[in-house]
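Trainee: no sequence on this one, just coordinates:
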C-alpha cells in the first residue's frame with residue numbers, strides 16, 4: 001500500500017460504558033493498529049439528511 005487506509009464512522013451511545021464496550025469490540029478486529037475517538041457531549045442541532053453526492057443527485061426535484 002502507498003497510503004494508510006482510514007475508516008471514519010459515527011455512532012450514538014447512551015453511556016460511557018457503552019462507548020467503552022464498543023471500543024473494546026473494535027480493538028479486537030484483526031488489523032486495527034490505531035484508533036482515535038471524539039466525544040460530542042451535546043448537539044445544538046441534529047441533521048441526518050447528509051448522504052453521498054449521488055444520493056442528492058437522485059433525489060433532486
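Mentor: Sure, I can see it. Computed from a predicted structure; not experimentally measured.
Trainee: Tell me how far residue 38 lies from residue 22.
Mentor: To residue 22, residue 38 is 14 Å away according to CB to CB, to the nearest Å. C-beta coordinates here come from the backbone N, C-alpha and C atoms, glycine included.
Trainee: Grab the nearest non-local neighbour of residue 32.
Mentor: Nearest residue to residue 32, sequence neighbours excluded (CB to CB, 6 or more residues apart in numbering): residue 26, at 6.4 Å.
Trainee: Identify the single longest helix in the chain, thanks.
Mentor: Secondary structure assigned by DSSP state H gives helix 16-27 as the longest helix of the chain.
Trainee: Determine the set of other helices and strands touching that helix.
Mentor: The contact analysis (3 or more CB pairs under 8 Å, 6 or more residues apart in numbering; DSSP states H and E) places helix 16-27 against no helix or strand.
Trainee: which other residues reach that helix?
Mentor: By CB atoms under 8 Å, 6 or more residues apart in numbering, the surrounding residues in contact with helix 16-27 are 11, 13, 32, 35, 37, 39.
Trainee: Give me the below-cutoff pLDDT ranges for this protein.
Mentor: Where the chain drops to pLDDT under 70, the residues are 1-4, 45-61.
Trainee: Now do the helices for it: every range, in order, please.
Mentor: Along the chain, the stretches classed as helices by DSSP H are 16-27, 53-58.
Trainee: still on that earlier bit, count of neighbours near the residue nearest to residue 32?
Mentor: 14 (other CB atoms under 10 Å).
Trainee: now swap in residue 22 and tell me
Mentor: Neighbour count of residue 22, defined by other CB under 10 Å: 14.
Trainee: ok, now residue 19?
Mentor: Other residues near residue 19 come to 15 when the count uses other CB under 10 Å.
Trainee: same thing with the one 10 residues further on?
Mentor: Close neighbours of residue 29, defined as other CB under 10 Å, add up to 8.
Trainee: And the one 10 residues further on, by the same measure?
Mentor: When neighbours are defined as other CB under 10 Å, residue 39 has 7 of them.
Trainee: OK, contacts around it?
Mentor: residue 19.
Trainee: let's see 10 Å
Mentor: Residues near residue 39 by CB atoms under 10 Å, 6 or more residues apart in numbering: 13, 16, 19.
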